[in-house]
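**Student:** Quick one: sequence and predicted model below, then my questions.
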Amino acid sequence: MPKEELFNLALRRQLYFPAAEIYAGAPAGFWDFGPVGVRIRNKVVDLWRKELLEKEGLLEIDGAVLLPKPVFEASGHLKSFNDPIVQCTKCRALHRADQLIEEKTKEKIPEAKPVEEMGKIIEVNKIVCPKCKGALGEVRSFNMMMRVEIGATGDQTCFLRPETCQNIFLDFDRLYKTGRLNLPLGIAQAGKSFRNEIAPKQTLLREREIGQMEIEYFFNPKKINNFERFEEVKDYTLNLQRLEKGFEKKTCESAVNEKIVSGKIVAYWLARTQQFYSKLGIPLEKMRFRELEKEARAFYSAETWDFEVETDLGWIELVACNYRTDYDIAGHAKGSKKDLAVKEEGEKFTPHIFEVSAGIDRSMYVALDCAFRKEKRGPEERIYLKLPPAVAPYLVAVFPLVNKDGVFEKGREVFEGIEDNGFNAFFDDKGSIGKRYARVDEIGVPFAITIDYDTLKDATVTLRERDSMEQARLKVEQLPETLWALSAGRKAFNQLK
């Protein structure tokens with residue numbers, strides 16, 4: 001599906017749109033989410049909480065987005081959180097050097113490749129400015145941190161966090177000790193992070209204000225294979241894109257036994273990640289974990305599997321799964337001069353961390369991309385989003401056929417009854433029934449209820465399914481149980497007849 005169609009739908013149906021769009025000079029990379037988009041985005045995070053926090057017994061925090069400079073000196077971000085940039089000598093436009101090289105040579109540039117080598121590649125391949133064809137200058141490193149001066153005198157330097165996980169590392173000692181907890185221990189956070197991207201593009205896929213939902217799993221490195229919950233996934237198959245052997249399907253048990261991953265904890269969280277995205281409606285055949293070579297990994301990672309999904313734009317990274325070892329705890333212990341080691345079973349050690357760092361907005365974008373459908377129905381063209389009920393903005397829409405003779409009032413009564421039973425419902429009494437169906441189809445509402453004159457006589461309504469457009473007549477009193485069964489996958493729509 002061309003990305004323009006999804007973007008047009010997003011603008012038309014209040015999913016997302018550029019921030020401050022009425023001003024011509026508004027910076028790129030910032031997005032506002034409209035009423036429908038907010039609901040879908042929140043549902044993505046809610047499903048993440050349900051599947052990966054509540055079921056796993058993780059702790060959740062909500063940390064400050066501004067943190068002091070010493071935090072990022074200790075974390076390594078002020079030194080290593082850089083992108084390579086190059087400026088046109090003619091029009092002065094700035095570009096990501098690695099992206100220009102990849103577009104020209106079709107070869108992936110590792111994150112850690114020195115800027116001097118990128119400059120040589122640009123020279124050898126005669127790469128010029130894509131805007132004016134002018135010559136490019138020297139490639140240099142650009143730190144993506146966003147700096148903020150705090151206080152009336154501006155004498156305290158802080159930075160907007162570039163990733164939500166730093167709060168988790170800083171809070172670990174307090175949570176672990178005051179909670180009287182034991183390892184392994186998972187701490188999670190969903191929130192905003194900020195990166196001064198050089199060339200934000202492709203809407204939600206490359207932003208400057210980023211939604212992240214991150215899990216940091218703390219454990220004793222000697223017990224990476226002493227993990228009881230691994231039994232739940234040992235026979236589950238992972239889609240792995242390995243460095244040397246290419247694409248392979250491996251069970252979690254095989255991945256551990258063949259030392260493809262570092263241990264059972266790593267394999268377990270890869271499995272849970274893949275399972276979560278299946279529930280977002282992403283087909284299994286479009287998923288993979290891509291193994292990153294040392295030069296391509298983030299500076300803090302000893303092992304990285306990027307979870308990617310195939311779209312019309314190619315493979316898009318949604319989650320970085322990083323084995324961060326003791327890098328973060330050891331770094332903050334040194335920077336804060338505080339002992340952050342733990343002591344369990346008579347042994348004192350610095351915890352290791354496995355990270356599952358997912359993009360909220362990227363996940364939402366890819367879920368929308370995979371859900372987008374366009375089909376011909378006779379002379380008409382129909383567009384709809386085949387979103388799973390768990391992430392649809394509303395489960396059901398309620399339409400009174402007319403606004404007179406008590407039909408409207410009965411429609412409101414049915415709507416309120418559905419809401420009182422805990423289902424998200426949408427009420428619409430404007431326009432023809434056909435147009436109302438089309439509107440809710442485009443935002444992914446799975447079911448619609450029509451209230452008509454027969455409803456007043458026999459208390460029955462018409463229930464319509466979004467995907468098949470099939471309809472069934474049933475009693476109002478049956479709605480709560482039927483909607484639950486349909487949304488939970490306990491009953492198929494054709495079983496209602």
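**Tutor:** Alright, I've got the coordinates.
**Student:** and the biggest helix by length in the chain, what does it pack onto?
**Tutor:** Ranked by residue count under DSSP state H, the longest helix found in the chain is helix 264-279. Counting contacts by 3 or more C-beta pairs under 8 Å, 6 or more residues apart in numbering; DSSP states H and E, helix 264-279 is packed against helix 35-48, strand 209-219, strand 237-242, helix 252-257, strand 287-291, strand 303-311, strand 314-325, strand 352-359. For every residue, glycine as well, the C-beta is placed using N, CA and C.
**Student:** same question for it, mean pLDDT?
**Tutor:** Average pLDDT, helix 264-279: 98.
**Student:** Now do it against strand 314-325, angle only.
**Tutor:** In terms of direction (axes from the mean of the first three to the mean of the last three C-alpha atoms, to 10 degrees), helix 264-279 departs from strand 314-325 by 150 degrees.
**Student:** Name the residues of helix 264-279 that come out as buried.
**Tutor:** 264-274, 276-277 (16 or more other C-beta atoms under 10 Å).
**Student:** Just say which of the helices and strands packed on helix 264-279 is most tucked in.
**Tutor:** strand 352-359 (a mean of 24; mean count of other C-beta atoms under 10 Å).
**Student:** Pull up the pairing partners for that one, direction included.
**Tutor:** strand 209-219 (antiparallel), strand 314-325 (antiparallel) (DSSP bridges).
**Student:** export those strands to TSV and tack on distance to residue 341 and mean pLDDT?
**Tutor:** Shown next, in TSV, are these (distance: least, C-beta to C-beta, whole Å; pLDDT from 0 to 100):
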stretch	distance to residue 341	mean pLDDT
strand 209-219	12	98
strand 314-325	14	96
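**Student:** which stretch among those comes nearest residue 388?
**Tutor:** strand 314-325 (16.2 Å; C-beta to C-beta).
**Student:** Give the ranges of residues in the chain that sit below the confidence cut-off.
**Tutor:** Filtered on pLDDT under 70, the chain yields the residue ranges 1-2.
**Student:** How is it divided into domains?
**Tutor:** Following automatic domain parsing, one finds the domains of the chain at 43-81+145-369, 82-143, 394-496.
**Student:** Mind checking those for the one nearest to residue 383?
**Tutor:** domain 394-496 (5.6 Å).
**Student:** which ones are touching residue 112?
**Tutor:** Contacts for residue 112 (C-beta atoms under 8 Å, 6 or more residues apart in numbering) come out as 294, 295, 296, 297, 299.
**Student:** Kindly report the same for residue 278.
**Tutor:** So residue 278 contacts 284, 287 (C-beta under 8 Å, 6+ apart).
**Student:** try it again with 10 Å
**Tutor:** 284, 287, 388 (C-beta atoms under 10 Å, 6 or more residues apart in numbering).
**Student:** got it, and residue 475?
**Tutor:** 458, 459, 460, 461, 482.
**Student:** Most neighbours of all the residues you listed, which one?
**Tutor:** Using other C-beta atoms under 10 Å as the neighbour test, those are led by residue 461, with 24 neighbours.
**Student:** host element of that residue?
**Tutor:** strand 460-465 (DSSP states H and E).
**Student:** excluding its backbone neighbours, what's nearest residue 385?
**Tutor:** Closest residue to residue 385 apart from its sequence neighbours, by C-beta to C-beta, 6 or more residues apart in numbering: residue 444 at 3.4 Å.
**Student:** would you put the C-alpha positions of the longest helix of the chain in PDB?
**Tutor:** Coordinates of each C-alpha in helix 264-279 appear next as PDB, following Å, rounded to 0.1, in the frame of the first residue of the first chain:
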ATOM      1  CA  LYS A 264      17.000 -18.500  28.000                       C
ATOM      2  CA  ILE A 265      16.100 -15.000  29.200                       C
ATOM      3  CA  VAL A 266      17.000 -13.500  25.800                       C
ATOM      4  CA  ALA A 267      15.100 -16.200  23.900                       C
ATOM      5  CA  TYR A 268      12.100 -15.800  26.200                       C
ATOM      6  CA  TRP A 269      11.800 -12.000  25.600                       C
ATOM      7  CA  LEU A 270      12.200 -12.400  21.900                       C
ATOM      8  CA  ALA A 271       9.300 -14.900  21.900                       C
ATOM      9  CA  ARG A 272       7.100 -12.600  24.000                       C
ATOM     10  CA  THR A 273       7.900  -9.700  21.700                       C
ATOM     11  CA  GLN A 274       6.900 -11.700  18.600                       C
ATOM     12  CA  GLN A 275       3.700 -12.900  20.300                       C
ATOM     13  CA  PHE A 276       2.700  -9.300  21.300                       C
ATOM     14  CA  TYR A 277       3.000  -8.000  17.700                       C
ATOM     15  CA  SER A 278       0.900 -10.900  16.500                       C
ATOM     16  CA  LYS A 279      -1.900  -9.600  18.700                       C
END
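**Student:** any idea of the angle that helix forms with strand 237-242?
**Tutor:** 110 degrees.
**Student:** What angle do strand 303-311 and helix 264-279 make with each other?
**Tutor:** Between the axes of helix 264-279 and strand 303-311, defined by the same axes, to 10 degrees, the angle is 10 degrees.
**Student:** Distance from helix 264-279 to the middle of the chain?
**Tutor:** 14 Å (C-alpha atoms, centre = their mean, to the nearest Å).
**Student:** again with stretch 201-220
**Tutor:** That offset, for stretch 201-220, works out to 7 Å (C-alpha atoms, centre = their mean).
**Student:** That one: end-to-end distance?
**Tutor:** End-to-end distance for stretch 201-220, by C-alpha to C-alpha, to the nearest Å: 40 Å.
**Student:** Also stretch 417-432?
**Tutor:** End-to-end distance for stretch 417-432: 24 Å, by C-alpha to C-alpha.
**Student:** Quick check: buried residues in that stretch?
**Tutor:** Applying 16+ other C-beta under 10 Å to stretch 417-432 flags 417, 418, 423, 425, 426, 427, 428, 429 as buried.
**Student:** Which member of these is positioned nearest residue 114?
**Tutor:** Nearest to residue 114 among the buried residues of stretch 417-432, with distances taken as C-beta to C-beta, is residue 426, at 54.2 Å.
**Student:** bridging residues for the closest one?
**Tutor:** Beta bridges link residue 426 to residue 397 when assigned by DSSP bridges.
**Student:** pretty sure residue 416 is in contact with residue 398, am I right?
**Tutor:** Yes: the pair residue 416 / residue 398 is scored as a contact, 9.3 Å apart, by C-beta atoms under 10 Å.
**Student:** Compare those two (neighbour count), which wins?
**Tutor:** residue 398 (27 against 13).
**Student:** Regarding the closest residue to the more buried one other than its chain neighbours, what is its secondary structure?
**Tutor:** With C-beta to C-beta, 6+ apart as the criterion, residue 398 has its nearest non-adjacent residue at 4.2 Å, and that residue is residue 415. Under DSSP: H, G, I helix; E, B strand; the rest coil, residue 415 falls in the helix class.
**Student:** For residue 407, see how far away residue 458 is.
**Tutor:** The gap separating residue 458 from residue 407 is 14 Å, by C-beta to C-beta, to the nearest Å.
**Student:** Quick one: buried ones out of the contacts of residue 112?
**Tutor:** 296, 297.
**Student:** Need the contacts of residue 112 in a markdown table (columns: secondary structure).
**Tutor:** Below are these laid out as a markdown table (three-state DSSP):
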| residue | secondary structure |
| --- | --- |
| 294 | helix |
| 295 | helix |
| 296 | helix |
| 297 | coil |
| 299 | coil |
